[in-house]
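Undergrad: Sequence and predicted structure, then a few things I'm wondering about:
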Amino acid sequence: MKISVQSEDFDSTKESRLITDGRHNIGALVTFTGLVRDLADKHLKSMTLEHYPAMTELEIKRIAEEASNRWTLQDITVIHRHGMLYPGDQIVLVITASAHRQAAFDAASFMMDFLKTRAPFWKKEDFGDSKADWVDAKESDDSALDKWQE
Amino acid sequence: MKLVYFAWVRERIGSAEEDIQLPDDITKISELLAWLTSRSDGHAAALVEKDRLRIAVNQEYIRGDQSISNEDEIAIFPPVTGG
């Protein structure tokens, strides 16, 4: 398991190879990359991601351990960036490796749903002209958790 | 006790963290929040919308009320928006 909270960019191909090199028990690798988007009419200039350094990696590890308890996974990688990012930049990488595709798909989806609602990050969007706003949490992100209730 | 604040909670309070001596009669999160609210206008503005606050004690989320001690690190922040 690899968990990293960093300001630097990441290379998803390299991270995938770190998981698969020299191993032959992985039949499915799911890679999810989240990007900074600029929705048509908003003209986002940049985004700053604040986080809670003492807690962030701990919480991501708790989420990854929960995924490992639910599905048979060979490995998980999570990289989440913080600091100032621009439209098109990569924010988050989740890689799940399993013998079978369904476990890898489901675990990656689970990881993202819980990262969105539990990992202590906050986005502030800067639209220029000194207009900057904290992004509000979405109810749809909270309700996305319902499908994981057992 | 160490208090840490993030995002608009931090901005409204005007500080990222505070070290306080917890008064003897404050033993629960709900009492702490009420006491903090009276510390300044900024605290009051940050803490007025209780439904929009999330609390972690020693880097772990809590649900509902919980006992606290002077050795704890209490984090107060808005619902998270990472990912």
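TA: Received, thanks.
Undergrad: Could you check the pLDDT of the closest residue to B:A7 other than its chain neighbours?
TA: Closest residue in space to B:A7, ignoring its immediate chain neighbours: A:W122 at 3.7 Å, by Cβ to Cβ, 6 or more residues apart in numbering or on different chains. Every C-beta, even on glycine, is put in place using the N, C-alpha and C of the backbone. Looking at A:W122, its pLDDT is 98.
Undergrad: Give me the next element, helix or strand, following whichever helix or strand A:W122 is part of.
TA: Here A:W122, judged by DSSP states H and E, is contained in strand A:121-126. Using DSSP H and E, the helix or strand that follows strand A:121-126 in sequence is strand A:132-134.
Undergrad: what does chain A put close to chain B?
TA: Residues of chain A lying close to chain B (Cβ under 8 Å from any Cβ of the partner chain) are A:34, A:49-52, A:54-55, A:58-59, A:80, A:91-92, A:112, A:115-124, A:134-137.
Undergrad: and chain B, which residues reach chain A?
TA: Checking chain B against chain A by Cβ under 8 Å from any Cβ, the hits are B:4, B:6-8, B:56, B:59-61, B:73, B:75, B:77-83.
Undergrad: For the helix or strand encompassing B:L32, buried residues please.
TA: According to DSSP H and E, B:L32 maps onto helix B:29-37. The neighbour-count check on helix B:29-37 (16 or more other Cβ atoms under 10 Å in any protein chain shown) flags B:29, B:32-33, B:36 as buried.
Undergrad: Filter the residues of chain B next to chain A down to the ones in helices?
TA: Among the residues of chain B next to chain A, DSSP state H puts B:7-8 in helices.
Undergrad: which among the residues of chain B next to chain A end up buried?
TA: Applying 16+ other Cβ under 10 Å to those flags B:4, B:6-8, B:56, B:59, B:75, B:77-83 as buried.
Undergrad: Now, the residues you listed that are in strands?
TA: B:4, B:56, B:75, B:77 (DSSP state E).
Undergrad: For the nearest residue to B:E17 once chain neighbours are set aside, name its beta-bridge partners.
TA: Nearest non-adjacent residue to B:E17, counting by Cβ to Cβ, 6+ apart: B:V4, 4.7 Å away. Per DSSP bridges, the residues bridged to B:V4 are B:E17, B:A75.
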